[in-house]
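Visitor: pasted the sequence and its predicted model underneath.
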Amino acid sequence: MKEQIQLIYPTVDLFIYDFREGLGEKAAKINQSQREFWQKIYANSDYNLSSKKLDDSLLEKLIDTENYNAGFVELLGAKQIEEFELPLNGYYYPLQLGDTYALQVNCSGYYTNDSQQTPNSLPQNISKLKEIKKQIISHLGGEPNQGKIGQTWMIWGQLIENLPVFEIEKIAKNCYKEIAPEQDWERDYYGKGKFLGATVFELWRQPSDVENLSKENYHLLILLFPHNLAINSIRKKIPNIYIELIRLFCYRNKIIWTYYQSNSVKSRLTENYSWVQDTVKEVTKLTKNLRTNRTQWQELQQLLTDSLSMLADYATDLRELNTQALKIEVSLENYQKRLKQLENNNGEVKFLEEFSDFARERYWRQIQSDYVNLNPGLTLLENLLKTIEGTSNISQAASDRSVNPTVVAIVTGLAISQISVVVITNQAQTASETFFLWTPAFGWSVLSGAIAALIVLAIIRFLRH
């Protein structure tokens, strides 16, 4: 017979994060993001179980509570939460954290009495966790992956008896089986610790790439409180840390989201860097053949056009890569601040520091390294453009029969003459009252200009025959 594992007051929390607006986004897209967020709370379909419907009038009132410049706003004002329909014991708690929407969805199953709304503190089978999770997903419109930035699950409850650590871990493993899709404890186990008197287990399934970020990035905390604590004390203690946890998980999910976005940018830069290197080889080959095959001048012109477009894309992506490194650095600093706040108010949080160390070494340093490695591509591309443009202009000028070779020779001669007179005069360093037409400097400048003009004229005539 299967062992019956029970918990007192099993509860599931889901913390969801979405971008409220992105840099440079138009008003229509911002409004779409706002509507999508509020639809998680107020029904727009048969899947969402909320009794209130989100029409334009309600949406306008909700949006009015937002504050563009604020770092923290309770979006339902003094009301704070939107409760589930009776007899369910649960609620939504929406927040604005700067440019980010945060939503906590909490559910502890059903009240024992609809009219008195008495929490069910009797021992319940851990299979209730799966039912509670289904209720949360149903209240969000039936979609298990809600956060565009990310999401974190947290389940907690009280043990029915005091147990040794290895027995507590067995219970945690069974809880994970109930709530996690495609669960694999050995693969996803990230660490454990103590928090608020509970034994905490952290599990995290890292995404394979940015395309599967919302599906594979599964983060979960399991808090199991000892039996010797009063359940009412636990129920009062947990809500006091929700604000700090909401903020902490926000920065955590932002770090992960930003890193995987940087991988897409890095992929484009790497591909374009390869294009630049291949183009350098092609330009070298074309330049060598210009004297014998002048039709290749048109190919150079096309490469010039392509390189200009590539320069804009490459510079934009390189700047974006650097921006993402800065974003991770800021989120890491904020994550550390929230950890410190949690530690000051609630004791040991060392198990949560492991992600900070991991993200700094694995994510932040990786993006910095990518930036350093790919940055030379911009210089290479700029030099390539100068080479193509210079070579193309010289070739075109030499092949353009409408240009008077004598004019070109004279202009060149005058330029050389001007340079020569400056150089020779500086070298002479002699002060004289002799009229400048009779000075040696003037004579040498005229002679050098004439020689240069004859040489240029000869080269142009040679190229044309």
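Guide: Yes, it's here.

Visitor: so what's Gln104 bridging to?
Guide: Phe15, Tyr93 (DSSP bridges).

Visitor: pretty sure Cys107 contacts Ile136?
Guide: Yes - contact criterion C-beta atoms under 8 Å: Cys107 and Ile136 qualify, at 5.2 Å. C-beta here means a position set from N, CA and C on the backbone, and glycine is covered the same way.

Visitor: between the two, what contacts are shared?
Guide: Val12, Gly90 (C-beta atoms under 8 Å, 6 or more residues apart in numbering).

Visitor: show me where the stretch 101-250 of the chain has its strands.
Guide: 123-125, 150-159, 189-195, 198-205, 218-225 (DSSP state E, counting those that start in this stretch).

Visitor: may I see these arranged in a markdown table, with distance to Asn89 as well?
Guide: Converted to a markdown table, the strands of the stretch 101-250 of the chain look like this (distance: least, C-beta to C-beta, whole Å):
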| stretch | distance to Asn89 |
| --- | --- |
| strand 123-125 | 12 |
| strand 150-159 | 13 |
| strand 189-195 | 23 |
| strand 198-205 | 20 |
| strand 218-225 | 18 |
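
Visitor: among those strands, which is nearest Thr65?
Guide: In terms of C-beta to C-beta, the element of these nearest to Thr65 is strand 150-159, at 22.7 Å.

Visitor: what lines up beside the closest one in the sheet?
Guide: Short version: by DSSP bridges, strand 150-159 pairs with strand 6-19 (antiparallel), strand 218-225 (parallel).

Visitor: out of these, which is closest to Lys130?
Guide: Taking those one by one with C-beta to C-beta, strand 6-19 is closest: 9.4 Å.

Visitor: if I look at the residue lying closest to Lys266 once chain neighbours are set aside, how far off is Ile388?
Guide: The spatially closest residue to Lys266, leaving aside those adjacent along the chain, is Asp370, at 5.0 Å (C-beta to C-beta, 6 or more residues apart in numbering). For Asp370, the distance to Ile388 equals 27 Å [C-beta to C-beta, to the nearest Å].

Visitor: can you check Glu66 too?
Guide: 50 Å.

Visitor: compare those two (neighbour count), which wins?
Guide: Ile388 (25 against 14; other C-beta atoms under 10 Å).

Visitor: mind listing what that one touches?
Guide: Val283, Leu300, Leu303, Leu304, Ser307.

Visitor: tell me the one of these nearest Asp184?
Guide: Ser307 (48.4 Å).

Visitor: per-residue confidence at the closest one?
Guide: Looking at Ser307, its pLDDT stands at 79.

Visitor: you'd agree it is in a strand?
Guide: No - assessed with DSSP: H, G, I helix; E, B strand; the rest coil, Ser307 is helix; it does not lie in a strand.

Visitor: wait, it sits on Thr279?
Guide: Yes - with contacts counted by C-beta under 8 Å, Ser307 reaches Thr279, the gap being 6.6 Å.

Visitor: give the residues shared as contacts by the two.
Guide: Leu384.

Visitor: who has more neighbours, the two?
Guide: Ser307 (21 against 18).

Visitor: quick one, what contacts the spatially closest residue to the more buried one that is not a sequence neighbour?
Guide: Distances taken as C-beta to C-beta, 6+ apart place Leu385 nearest to Ser307, at 5.1 Å, with adjacent residues excluded. Counting by C-beta under 8 Å, 6+ apart, Leu385 makes contact with Leu304, Ser307, Leu308, Leu311.

Visitor: what's the answer for Gln366, then?
Guide: By C-beta under 8 Å, 6+ apart, the neighbours of Gln366 are Tyr259.

Visitor: then Gly193?
Guide: Thr199, Val200, Glu202, Glu348, Val349, Lys350, Phe351, Leu352.

Visitor: check pLDDT for those residues and point me to the minimum.
Guide: Glu348 (77).

Visitor: in space, what's closest to that residue - neighbours in sequence excluded?
Guide: Lys194 is the one closest to Glu348 (C-beta to C-beta, 6+ apart), at 5.5 Å.

Visitor: any idea how far that neighbour is from Pro164?
Guide: With C-beta to C-beta as the criterion, Lys194 and Pro164 are 15 Å apart.

Visitor: among these two, which residue is more densely surrounded?
Guide: Between Lys194 and Pro164, Lys194 has the larger neighbour count (other C-beta under 10 Å), namely 14 against 7.

Visitor: that one contacts Phe201, correct?
Guide: No - between Lys194 and Phe201 there is no contact under C-beta under 8 Å: 11.1 Å.

Visitor: distance of Thr65 relative to Ile243?
Guide: From Thr65 to Ile243 the distance is 17 Å (C-beta to C-beta).

Visitor: again with Leu86
Guide: For Leu86, the distance to Ile243 - C-beta to C-beta - is 26 Å.

Visitor: could you do Phe19 as well?
Guide: 20 Å.

Visitor: over to Phe249?
Guide: The value you get for Phe249 to Ile243, if C-beta to C-beta is used, is 11 Å.

Visitor: neighbour count for these two, which is higher?
Guide: Ranked by neighbour count (other C-beta under 10 Å), Phe249 and Ile243 place Phe249 first, with 26 against 16.

Visitor: OK, contacts around the residue lying closest to the more buried one once chain neighbours are set aside?
Guide: Distances taken as C-beta to C-beta, 6+ apart place Thr152 nearest to Phe249, at 4.3 Å, with adjacent residues excluded. Residues near Thr152 by C-beta under 8 Å, 6+ apart: Leu14, Phe15, His219, Leu220, Leu221, Phe249, Arg252, Asn253.
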